[in-house]
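[1] just to be clear, the model below is a prediction. Sequence and coordinates:
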Amino acid sequence: MPSAGYPISRRKLLKTAGAGTAGMLLSGQTAFAEAAEPQAGTSGRSAAPRSPLTGDAGTELTLVAVSSRMLRITVAAVDENIDNYYDDGSLVSRTYPAALHRQRADQPAAASELAWGEYTVRIETAPLRVSVRHSQRGSLQELTFHPEMNQVAFQYGDAPVYGLGPGTHPLDRRGTKDMMRNGAGDNLRIFGARNPIPWLLGKGWGLYFHLPTGQFDLSGDQGVWHPSDVARPLDIFLVVGETPAELLREYAELTGYPHLPARWTLGFQQSHRTLDSREQILSEAATFREKKLPCDAVIYLGTGFCPSGWNTGHGSFVFNKAVFPDPQQILREFHDKHFKVVLHVVNPPETLHGAVNDAGVAASVRGDAANYWEQHEPFVNMGVDGWWPDEGDVLPTYSRLVRNRMYWEGGRKTRSDRRPFALHRNCYAGIQRWGWLWSGDTFSTWKTLETQIMEGINAGLNGVPYWGTDIGGFVPTKELTAELFVRWFQFGAFCPSFRCHGRTWQLRRPWGWNTGSYGPSEMGQNAASFLPKEEDLHNAAVEPICRKFLETRYRLLPYLYSAAYETHTTGLPLIRSLGLAFPGDEKAWATVDAYLFGPSLLVAPVFESGATSRSLTLPQGAWWNFWTGQQVQGGGNVTVEAPLDSMPLLVRAGAIVPTGPVKQYADEPSSEPVTLNIYPGADGAFTFYDDDGVSFANEHGDFEEIAMRWDDGSKTLTLRRGKGSRTKPHAFRAKLAGGGEKNFTLAAGTVSVKLS
């Protein structure tokens, strides 16, 4: 795959040639510097760039209270408009309020304080320092600007620090240095692709370093940010809050709330690589339906990374006639069997820019998003349901986000009646508005499986809620056994993206370990030395285990779709660090191998070969074993039985978990009522959400939102329709764990049900 870095395009160099280096904080730019570029639609600067702190015209500190919890801190040349600078596209469009405070940053002045809601902001000079304090919670953050060293220092005390984007390790970033190189990192085969995001989250604070890009040093007793382009103004957003959930909401306010995905994208997706024929690909889909193994989508790799894929080569938008001789008819047959079709694409233009609605001369340029999307449109009109944009590591930040955005806005432009889907390997802050991310080309090892659990937690803390991993690992090793595949499949069933993919793809099918062959290996002449032997490929135990977890995933779709709605409206991820739910519990924050899936389900994947049980530190309170219905007391270490056909899955006391019948695809019609599974032992609440699952009709009032509350003392469940929600009667079944059940109907308004 392409190497890392932030290349400067020829276009960008031409636009900034001769800008000079006057006023730079260092004698030269760092290796990761990007030339400044005016924001699209602006005329740019009238003068050469000046150092924020030592420019010829002097420099100015500006504080803008974006909200009661978000403070924008900029340091720029006097009278220089920060918004005239080239933007990376990560921020949502907004009109900022007038400055809360403005003063010269390069001249000595007496310290001053100003009120910012319930917080106090203190400004000092020599050196320039901005600190925020709360009367009860004390000092929250302090930024100190050191122009002579090209540094901005910030505080984190003795509390953990999270962030800097997916693909990092360890989860707590203290003690590390990060060059913030896209697509690169330490041991990609275990940790996955690197997607740097300059967002940090600590105790009571969050920092988003908007401009410019830079490097981070968290190896000392304070953090240090080294801006990569010392000629640009500094643009930093500080958010504060009592809980990490509040901080993630502020991050969503800044970079965008996650989109609401189509329901089918939460179902199982089966990926294919080297293809034999038309008959083969249709037979694969038919086998899922014949075996009654739930599946929503089939995904096809392009030719180039495999000998025979869906197209004719890298970057091609032409079907491979050897396997798709009549693509329109094949797509129709897939749709008749209720499968969505997703196609893999690579080689995006390296100067990708603009928007899908560009017109005229702008849209005629190959690198414009409108031009590039035009190549996709015939496939969308033909019936292709989604895209898998691979590669893109060398794209600069702006182009990565243009690509993320293009697939959402282009899809909606071409087919306004359905929500688009695209699974990316590259992203930046803001991807949550438009797309999904997967962790990249990992290896098939037990250590990788263990580490991917942490990577899922980390993605959520970085504002990337729709995330997943190649089930089984992408590159086979000697450790790729039926056991490893099963344990990874169990983990994948509790990731937002539930997808099997990898070389020797026929082993990634639920029935693939019982066919006597692993099919095309794509691993070269030495493949036989480390791939499974024929005697290992008659394992009849794998398919039933996969069926169990497929059916569990589909039964949980009402819960999962409601959790996705919570993500859409709050910014909370689907894979949640236990610390998000138990912010005062240090052990919960330190947990890297278990997490909450949505608000109520604690998932503890098994990642050791031969293990038949799993130990974990369980947060305080009562919990229920999802499989056995037994109660487990939290507040310490517990050991849960985990034979090969099971995985520890616990439910919080007080939880309301909606489930439905087993379906073969997410939107399969059913007349069965939704079951509200209630786990007593504490009061609880849940917001149930439903709509047609595919279109944007929900934006016009066609949705159902129901607030549910459980009173444990009176054993009463109360349902109340939300404002603007549908009023059509809805049938439910309430079922108390360890108790009885009742059927009832919610019409307009409110209904209460007592259970015992």
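    The structure has been received and is ready for your questions.
[2] and Val662, how many residues sit next to it?
    Neighbour count of Val662, defined by other Cβ atoms under 10 Å: 16. In short, each C-beta sits where N, CA and C put it, glycine included.
[3] right, and the helix or strand after the helix or strand of the chain with the lowest mean pLDDT?
    Across the helices and strands of the chain, mean pLDDT, DSSP states H and E gives its lowest value to helix 10-16, namely a mean of 29. Downstream of helix 10-16, the next assigned helix or strand under DSSP states H and E is strand 59-65.
[4] quick one: the helices in the stretch 451-600 of the chain?
    Here the stretch 451-600 of the chain has its helices, by DSSP state H, counting those that start in this stretch, at 482-492, 542-555, 557-570, 578-581, 586-590.
[5] cool, the chain as well?
    10-16, 188-191, 244-255, 278-291, 327-336, 361-364, 369-382, 397-414, 446-461, 482-492, 542-555, 557-570, 578-581, 586-590 (DSSP state H).
[6] residues in contact with His134?
    Glu118, Tyr119, Thr120, Leu140, Gly204, Val240 (Cβ atoms under 8 Å, 6 or more residues apart in numbering).
[7] now the residues you listed: which count as buried?
    Tyr119, Leu140, Gly204, Val240 (16 or more other Cβ atoms under 10 Å).
[8] let's have these in CSV, adding pLDDT and distance to Thr176.
    What follows is these, written out as CSV (pLDDT from 0 to 100; distance: Cβ to Cβ, whole Å):
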residue, pLDDT, distance to Thr176
Tyr119, 97, 29
Leu140, 97, 22
Gly204, 96, 21
Val240, 98, 24
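[9] out of these, who's nearest Ile457?
    Using Cβ to Cβ, Gly204 comes nearest to Ile457 of the buried ones among the contacts of His134, at 20.1 Å.
[10] quick check: that closest one touching Pro244?
    No - the criterion here is Cβ atoms under 8 Å, and Gly204 misses it with Pro244 at 9.1 Å.
[11] and Asn458, how many neighbours?
    Neighbours around Asn458, by other Cβ under 10 Å: 26.
[12] just list the residues touching it, thanks.
    With Cβ under 8 Å, 6+ apart, Asn458 has these contacts: Tyr162, Pro166, Thr168, Leu171.
[13] report the two of the contacts of His134 separated the most.
    Thr120 and Gly204 (14.1 Å).
[14] state the pLDDT value of Gly724.
    Gly724 is assigned 81 on the pLDDT scale.
[15] renumber starting at 32 from here on
    That works, and once the first residue is 32, the last one we named lands at Gly755.
[16] can I assume it is in contact with Gly732?
    Yes - Gly755 lies in contact with Gly732 (Cβ under 8 Å); the separation is 5.7 Å.
[17] quick check, nearest of the buried ones among the contacts of His165 to Leu242?
    Once Cβ to Cβ is applied, the member of the buried ones among the contacts of His165 that ends up nearest Leu242 is Val271, at 20.9 Å.
[18] is the closest one in a bridge, and if so with what?
    Trp236 (DSSP bridges).
[19] just Ser162 next, same as before
    Arg153, Glu173.
[20] nearest spatial neighbour of the residue nearest the centre of the chain, skipping sequence neighbours?
    With distances taken as Cα atoms, centre = their mean, the chain has Val495 as the residue nearest its mean C-alpha position (2.5 Å). Closest residue to Val495 apart from its sequence neighbours, by Cβ to Cβ, 6 or more residues apart in numbering: Leu468 at 5.3 Å.
[21] can you check Ser756 too?
    Glu736 (4.5 Å).
[22] please apply the same query to Ala642.
    Ala673 (6.5 Å).
[23] returning to what we had before: now render the helices of the chain as CSV, adding distance to Arg100.
    As requested, those are exported to CSV (distance: least, Cβ to Cβ, whole Å):
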stretch, distance to Arg100
helix 41-47, 35
helix 219-222, 32
helix 275-286, 5
helix 309-322, 47
helix 358-367, 46
helix 392-395, 38
helix 400-413, 33
helix 428-445, 25
helix 477-492, 18
helix 513-523, 35
helix 573-586, 36
helix 588-601, 14
helix 609-612, 17
helix 617-621, 21
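[24] among the ones you listed, which is nearest Glu565?
    Nearest of those (Cβ to Cβ): helix 513-523, 13.3 Å.
[25] who touches the closest one?
    With Cβ under 8 Å, 6+ apart, helix 513-523 has contacts from 475-477, 480, 483-484, 499-500, 502-504, 529-531, 538-539, 541, 544, 563, 567, 570, 572-573, 576-577, 580, 634, 636-638, 640-641, 675, 678.
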